[in-house]
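K.L.:
After the sequence you'll find the predicted model.
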Amino acid sequence: MCALELGFITGAEKRTCLARHNYIGMTHLLIGLLCESGSASISELENLRVDPGIINKADQPERDKELWDKIIALIDKANKRRTVESEASASNLVVAKRNVKHIVSSSTKAPVENALFDGSSLPMMDKNIGNHVIPQDETIKDNSNVIQLKNHPSPFIKIPSWASLHPSPSSSSSMPGQHQNGRLESVHLLSLANHGRFNEAREFLDLMDSSGISIKRHVYQSLFTACGISKSINDGRFFHNHMMKKIGSKDLNTSIADCLLKMYVRCLGFDDAYRVFHKMSNKMLSSWNIMISGFVHNGHLQEALDLFLRMKDEGFDPDMKIFACLLLGCTIDLNVDIGKQIHSYMVKIGFSNDISIDTELVNMYAKCGYLDSSALVLDHMVERNATSWTSLMVGYTQASRQFEALVLFKHMMLENTELDPFVFSIVLKACSESGNWKAGKQIHGCIIKLGMDSDVSAGTPIVDFYVNDGNILEAQNAFDRISQPNEVAWSAIIAGYSQLGRHEECFRMFKFLRSRNITLNSFIYSSLFQASSALTDSSSGSQLHADAIKRCLISNLVGDSALVTMYARCGDMQYAQKAFELIAEPDTVAWTAIITGCSYHGQASEALDFFDMMISCNVKPNAITFIGLLNACSHTGLVSLAKEYLDSMYVGYGVEATVDHYNCMVDVYCRAGQLEAAYELISSGSFKPDSMSWKILLSGCTTYRNMGLGKIAGENLLRLDPNDTAAYILIFNMYTGAGRWEEAAFVRKMMNERGIRKEVSCSWITVRGTIHRFIVGDKHHPLTKHIYFKLHELERLVMLSESQVSTNEDVSIIHKQRMEQLLDHSERLAIAFGLMSLPTRCPITVFKNLRVCNDCHSFTKMVSKVTGRDIIVRDSNRFHHFRGGRCSCDDYW
DNA sequence: ATAGGGTTAG
């Protein structure tokens, strides 16, 4: 009760409680009187979303002066006819000074649509009182923040007992006409129920009982409706019991019983509903309808059908509604057999040419995948509307027959069907799924011509269409045209930014949404988790996670899988595992996420274990699962196991192996140094090698210095992809690694001629919330001097430690030369900076955009040994955990 | 009555 919280009414707690009823009662009194004077019907009031019209009238006394006079006269009359009530009622109108001031000075119109007990409407009623009853100049004696209305006693000060619920013997006998119907109390009771305040409503009903005030049947009816809307079955049962006690079951008329049925059905209390239904001696078609539709809407098609048959047995003729309902049931249940029977039955009894029934049929057949039947029904319809067409179009797109959906759209346009926004969402989907960008743009034009692009239902699919086309600018434009974007529109644009790699933009939008208190949903969070993992921003990621938990917005699977990936990609496998373990029933994607996560961290045996668990949980792996598995094998040199997995893919799990899988296998061989086997597989004809296949082989040849194969691989690679930067770099590295300077120089020249530049390598590290970024030879950092000093110090330490191992002077000289060459690689700068700025026990986590080079990898291993620090490096490929001179990748990287 | 937004890979 806002009025109380605002300090409208003062007094001890018990009294305020009482006063509350009186205060509300008083408000009702006004309404009741208005009602009696004929300007509003009681049924309107009993709904107690108070008709704004009533209040408006009260708000404009000039227009309804007569009415107001009448009210005041009536109240006065009522006052005279009863003795002055206790102080309790007097205290009702003790009004806080602040509020009166506010009321008097306020010229703004309070929003009338607000529900009566919303608080906001109460001051408004006061305002009316202030304007019309209490002249503004007559104020008010200050009495320690509490003011009493003084000179001009409001007519409301003396509240009639019949409005205050105080059992007053005099009133019940002397005013039977007023007390009789308990109308005001009923209105109050209903208003409580309509606001979902059932506990108070029940208390109030008790109070009414003890005051001897009864309620009428239609009030019960409204109570049941309120319980149904709030899905409060227990309160529904309470009022039901109350009614049975007061009225008894014999007198139940059909409309009350129907209300009861509706309430129980809405609350999913089918047993209760059945009990009522069985006892009904006067069932009508509507009663059957309620029951059947209740079962249908909650997925109990069989029960609905049983009832339908019984209904026919009892001699009722089914109407359209029931047929539409049963067909909907078949659609939900995807039960085309029953659907067909109902269809034939309707034909048999001569139901035809009804647009809504036929549309329901089109929809039913389409959803069940019976597209020909669906098309047939649509064809035979005398008149079709947008819904009928849309239903079949959905069927076509779901069956990957996008082209036919588009043809259908054309027919629909030719027939001059009146379009609605829903049509576009399916047509645009058909366009983007079939890559028909041109048609999609034409349809976009059509939407603009119709002036529907500002409609969220048409605008959102446009956004989605351009996202799929990879055109975020157009998507953003389309989004900007939507006049009232809803959460679906927001999630579409955020997902677009996330999918197209504009991750920072996702966060920007998210912050905006939060600052505006716009509804968020689990779709948005899923995209944001994805953005966090792409940015390897675990701090945003975990904050988002917490935020989503608070709002209960982690969708069961999709969001969870994204979370697992987020933690894994950010380097926290423990959290990734925890997130995974919390998933009640992981699906293929979730299992794949944890398997890939493990593989990303080089935890091959864990990855394989998860795969076994997945299989024993009867979850089917997909193509991506196998990529994760094969990668895990390749990172740990499990050659024969990888071969087994590759061979078992189709035979054991029905998943076709693609180039990607074969490339993984090529990678497995290459990393294990089995270059010939890799080459054999590429040349075997079991798959069509792409540039990636050769690139992997080339990379292997570089590592293992196999010039013969490397040349072949390089030639094939450049043949397939002459503009691939990485190809040139690889070939260049291969030659320099082997000391073949001439060839290396030739490659460099070729690169220059063809305008190919190496991507700048870049590493970054987060220290106390700030990201520090380094490129090769970077001297921009404010602490550059210290960083290089640290690097030299590290170098000395490493050399010292190396020389203990190797006494060979030549080796150490060569090593020293190379060390100097490579000293300013970006990851080294980041590591040195991390070592000087982070606390001693804190692991150093560095991110790099490209792959770590061989030298830096050994350098980092040594640094971890000589400093005793844990160093984690994430390169473009995976995570490396360095500790005590070893790396988690075991040099398979 | 009809649809629309998200997740796993390199």
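P.N.:
Good, I have the coordinates.
K.L.:
how does chain A divide into domains?
P.N.:
Domain ranges of chain A: A:1-168, A:384-485, A:495-584, A:765-887, per automatic domain parsing.
K.L.:
Which single residue of chain A ends up nearest DNA strand B?
P.N.:
residue A:555 (2.6 Å; CB to the nearest atom of the strand). All C-beta atoms are positioned from the backbone trio N, CA, C, and that covers glycine.
K.L.:
And that residue, which helix or strand is it part of?
P.N.:
If you go by DSSP states H and E, residue A:555 is not part of any helix or strand.
K.L.:
got the contact list for it?
P.N.:
Contact partners of residue A:555, counting by CB atoms under 8 Å, 6 or more residues apart in numbering, are A:522, A:523, A:525, A:526.
K.L.:
Quick check: the residue nearest to the third one when sequence neighbours are not counted vs residue A:873, distance?
P.N.:
Nearest in space to residue A:525, with sequence neighbours left out and distances taken as CB to CB, 6 or more residues apart in numbering, is residue A:548 at 4.5 Å. Relative to residue A:873, residue A:548 is positioned 30 Å away (CB to CB, to the nearest Å).
K.L.:
of those two, who's got more company?
P.N.:
Under the criterion of other CB atoms under 10 Å, the comparison of residue A:548 against residue A:873 puts residue A:873 first, with 27 against 22.
K.L.:
hang on, isn't that one packed against residue A:883?
P.N.:
No. At 11.9 Å, residue A:873 does not count as touching residue A:883 under the criterion of CB atoms under 8 Å.
K.L.:
Report how many residues lie close to the spatially closest residue to residue A:457 that is not a sequence neighbour.
P.N.:
Distances taken as CB to CB, 6+ apart put residue A:421 closest to residue A:457, at 3.4 Å, once the chain neighbours are dropped. Using other CB under 10 Å, the number of residues around residue A:421 comes to 18.
K.L.:
same thing with residue A:546?
P.N.:
Neighbours around residue A:546, by other CB under 10 Å: 10.
K.L.:
Over to the one 10 residues further on?
P.N.:
Number of residues near residue A:556 (other CB under 10 Å) recorded here: 13.
K.L.:
again with the one 3 residues further on
P.N.:
Neighbouring residues of residue A:559 were enumerated by other CB under 10 Å; the total is 24.
K.L.:
next one: the one 4 residues further on
P.N.:
Summarising burial for residue A:563: neighbours were counted as other CB under 10 Å, giving 31.
K.L.:
Tell me who's in contact with it.
P.N.:
Taking CB under 8 Å, 6+ apart, one finds A:529, A:545, A:554, A:579 in contact with residue A:563.
K.L.:
Can you check the pLDDT for it?
P.N.:
Residue A:563 is assigned a pLDDT of 94 by the prediction.
K.L.:
try the one 10 residues further on
P.N.:
In the predicted model, residue A:573 carries a pLDDT score of 92.
K.L.:
what about it, neighbour count?
P.N.:
By other CB under 10 Å, neighbour count at residue A:573 equals 20.
K.L.:
Who are the contact partners of residue A:526?
P.N.:
Per CB under 8 Å, 6+ apart, neighbours of residue A:526: A:555, A:558, A:559, A:562.
K.L.:
no, scratch that, I was asking about residue A:354
P.N.:
residue A:320.
K.L.:
likewise residue A:706?
P.N.:
A:675, A:700.
K.L.:
which bits of the stretch 251-400 of chain A sit near DNA strand B?
P.N.:
Neighbours of DNA strand B within the stretch 251-400 of chain A, by CB under 7 Å from any atom of the strand: A:328, A:331, A:355-356, A:359-360, A:363, A:385-388, A:390-391, A:394, A:397.
K.L.:
ok, back up a step: distance of the residue of chain A closest to DNA strand B relative to residue A:585?
P.N.:
Distance of residue A:555 to residue A:585, given as CB to CB: 13 Å.
K.L.:
circling back to that earlier point, just the contacts of residue A:555 now: which is nearest residue A:660?
P.N.:
Nearest to residue A:660, judged by CB to CB, of the contacts of residue A:555 is residue A:526 at 24.3 Å.
K.L.:
What's the separation between that closest one and residue A:557?
P.N.:
To residue A:557, residue A:526 is 10 Å away according to CB to CB.
K.L.:
mind listing what's buried in stretch A:198-205?
P.N.:
In terms of neighbour count (16 or more other CB atoms under 10 Å), stretch A:198-205 has its buried residues at A:198, A:200, A:201, A:202, A:204, A:205.
K.L.:
Outside of that stretch itself, list whatever touches it.
P.N.:
For stretch A:198-205, the surrounding residues in contact (CB under 8 Å, 6+ apart) are A:21, A:185, A:188-189, A:192-193, A:215, A:223, A:227, A:230, A:232, A:235, A:238-239, A:242.
K.L.:
again, 6 Å this time
P.N.:
A:189, A:192, A:193, A:232, A:235 (CB atoms under 6 Å, 6 or more residues apart in numbering).
K.L.:
got it, and stretch A:212-225?
P.N.:
A:46, A:182, A:185, A:186, A:190, A:193, A:239, A:243, A:256, A:259, A:260, A:263.
K.L.:
After the helix or strand that contains the fourth one, which helix or strand is next? Please name it.
P.N.:
Assigned by DSSP H and E, residue A:186 belongs to helix A:183-194. Downstream of helix A:183-194, the first helix or strand assigned by DSSP H and E is helix A:198-210.
K.L.:
what's the angle between that following helix and helix A:183-194?
P.N.:
Here the directions of helix A:198-210 and helix A:183-194 differ by 160 degrees (axes from the mean of the first three to the mean of the last three CA atoms, to 10 degrees).
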